[in-house]
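A.B. asks: I'd like to go over a predicted model; first the sequence, then the structure.
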Amino acid sequence: MGFFQFQREQIIHASMDEVWDFISSPQNLKKITPEYMGFDIRTPNAADKIYEGMIIRYTVRPLLGINTNWVTEITHVVDKSYFVDEQRVGPYAFWHHQHRIVQTEEGVLMRDIVSYKPPLGFLGSIVNTLFIEKMLKQIFDHRTKVFEKLFPL
């Protein structure tokens with residue numbers, strides 16, 4: 001009970017190298033996150049590219065403008081294929097986010113799979129229905145628009 005999954009797919013009209021270079025750079029997270037989320041990387045001297053074991057600390061304002069500390073670890077990386085970030089400290093009881101890319105005839109298919117469990121048990125399930133699902137949809141709708149602007153047809 002209380003375990004959820006959100007998935008989103010998008011075709012990006014760019015080369016595999018261009019897409020991988022963009023999504024594997026932690027500095028680009030801010031570019032694809034809605035401004036109202038107040039996303040800010042707090043890891044001093046963060047590497048330019050992700051790697052297995054990388055810890056990224058940031059603040060974000062997911063609800064009511066309240067700053068929340070979030071720490072993720074990059075747990076898996078397969079160059080130009082996928083990477084996984086998992087929450088180590090943050091608002092969720094569980095957070096596992098797969099970022100997958102595959103070359104297709106139309107372009108690069110980017111697929112995000114977010115598996116998560118809100119805190120607070122049954123109350124967390126209610127919060128998910130009322131807020132979290134909608135928030136994730138808004139964030140990924142924003143990302144879709146950003147990628148369409150960055151990599152137009």
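C.D. replies: Good, I have the coordinates.

A.B. asks: per-residue confidence at residue 45?
C.D. replies: Model confidence at residue 45, given as pLDDT, is 85.

A.B. asks: what stretches of the protein score poorly on pLDDT?
C.D. replies: 1, 63-64 (pLDDT under 70).

A.B. asks: So which residues of it form helices?
C.D. replies: Taking DSSP state H, the helices of the chain run over residues 16-23, 29-32, 121-127, 133-150.

A.B. asks: Please name the residues that touch residue 73.
C.D. replies: When the contact criterion is C-beta atoms under 8 Å, 6 or more residues apart in numbering, the partners of residue 73 are 53-56, 85-86, 88. All C-beta atoms are positioned from the backbone trio N, CA, C, and that covers glycine.

A.B. asks: Surely residue 55 is in contact with residue 86?
C.D. replies: No - in this structure residue 55 lies outside contact range of residue 86 using C-beta atoms under 8 Å: 10.6 Å.

A.B. asks: any residues in contact with both of the two?
C.D. replies: When contacts are counted by C-beta under 8 Å, 6+ apart, the set common to residue 55 and residue 86 consists of 72-73.

A.B. asks: Look at these two and report which has more neighbours.
C.D. replies: More neighbours sit around residue 86 than around the other of residue 55 and residue 86, counting by other C-beta atoms under 10 Å; the figures are 16 against 12.
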